[in-house]
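Enquirer: Need coordinates for the following:
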Amino acid sequence: MFTGLVQGTGRVLARATTMCGVRLTIDGGPTVAALRTGDSLSVNGVCLTIAQINASHCCFDVIPHTLSMTTLGSLSNGDEVNLEPAMRLGDPLGGHIVQGHVDSIGEVTHTDRAERGVVMRVRLPPDSMSVVVAQGSITLQGVSLTVAACGADWFEVALIPETLARTTLARAVVGSRLNVEVDALARMIDQAVRRHSSPRTTE
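Expert: Okay, here's the model as predicted:
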């Protein structure tokens with residue numbers, strides 16, 4: 001479990017195709033100093049398990065399903081990524097509950113500089129938009145954000161200078177593809193309501 005408060009950024013050092021998918025090697029810098037093999041790390045909002053670690057260099061085995069469902073499949077050497085170690089018991093929940101399970105990939109359709117920040121509009125598939133509400137929580141590339149406004153197939157977030165300085169969202173432009181995780185509690189409530197509202201068949 002994560003909070004969506006990015007602790008630092010890392011950089012992709014290597015990407016190698018394996019029988020199981022792809023092995024990514026990332027230099028996580030001081031963000032991963034206290035981590036060990038087997039620990040969980042959010043990489044651009046995707047919960048990954050550290051397969052091997054040497055100083056600040058972490059290796060991850062990413063399976064085809066994860067590659068197809070997230071933007072990790074398009075990472076190349078030198079790309080910068082957002083990092084957050086898993087929350088530990090007793091840590092403050094400064095953002096919101098984030099599972100690291102990406103629901104869909106959103107596309108940036110508009111950015112607008114507002115004072116010192118940026119308002120960003122992201123298009124989402126209808127099935128994910130069904131649980132996105134104004135003033136609700138959402139995660140972009142592992143960053144916990146508040147939905148400022150939303151429409152039928154889009155939502156907007158306001159990125160403050162602190163977020164732009166500490167995460168990779170400052171580099172997002174029109175056409176950028178972002179990992180999106182909707183609010184986990186809203187998703188579970190929506191699924192429960194849908195299940196109980198569906199007509200039941202009798203034998």
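Enquirer: okay, CA-based contacts and neighbour counts for the rest of this
Expert: Noted.
Enquirer: where exactly do the helices run in the protein?
Expert: Taking DSSP state H as the test, the helices found in the chain are 64-69, 126-129, 161-166, 184-197.
Enquirer: contacting residues around residue 79?
Expert: When contacts are counted by Cα atoms under 8 Å, 6 or more residues apart in numbering, residue 79 is found next to 11, 12.
Enquirer: Distance-wise, check it relative to residue 73.
Expert: When distances are taken as Cα to Cα, to the nearest Å, residue 79 and residue 73 turn out to be 12 Å apart.
Enquirer: what's the answer for residue 117, then?
Expert: Look at residue 117 and residue 73: by Cα to Cα, they are 29 Å apart.
Enquirer: before we move on, what about residue 128?
Expert: For residue 128, the distance to residue 73 under the criterion Cα to Cα works out to 20 Å.
Enquirer: got it, and residue 165?
Expert: Distance, residue 165 to residue 73, by Cα to Cα: 25 Å.
Enquirer: Compare the two (neighbour count), which wins?
Expert: With neighbours defined as other Cα atoms under 10 Å, residue 165 and residue 73 compare such that residue 73 has more, 17 against 11.
Enquirer: The residue most central in space within the chain - nearest residue in space that isn't next to it in sequence?
Expert: The central residue of the chain, meaning the one whose C-alpha is nearest the mean C-alpha position (Cα atoms, centre = their mean), is residue 45 at 2.3 Å. Across the structure, with Cα to Cα, 6 or more residues apart in numbering as the measure, the residue nearest residue 45 apart from its sequence neighbours is residue 142 (3.4 Å).
Enquirer: Hmm, residue 4 and that neighbour touching each other?
Expert: Yes: between residue 142 and residue 4 there is a contact under Cα atoms under 8 Å: 5.5 Å.
Enquirer: Quick check: neighbours shared by those two?
Expert: Listed contacts common to residue 142 and residue 4 are 45, 84; contacts here mean Cα under 8 Å, 6+ apart.
Enquirer: neighbours around residue 34, how many?
Expert: For residue 34, using other Cα under 10 Å, the count is 10.
Enquirer: What of residue 142?
Expert: A count of neighbours around residue 142, defined by other Cα under 10 Å, yields 34.
Enquirer: residue contacts, it?
Expert: Taking Cα under 8 Å, 6+ apart as the definition of contact, the neighbours of residue 142 are 4-6, 42-46, 82-84, 100, 179-180.
Enquirer: in the protein, what spans have low per-residue confidence?
Expert: By pLDDT under 70, the weakly predicted segments of the chain are 186-194, 198-203.
Enquirer: Please parse it into its domains.
Expert: Residue ranges for each domain of the chain read 8-85, 104-194, as given by automatic domain parsing.
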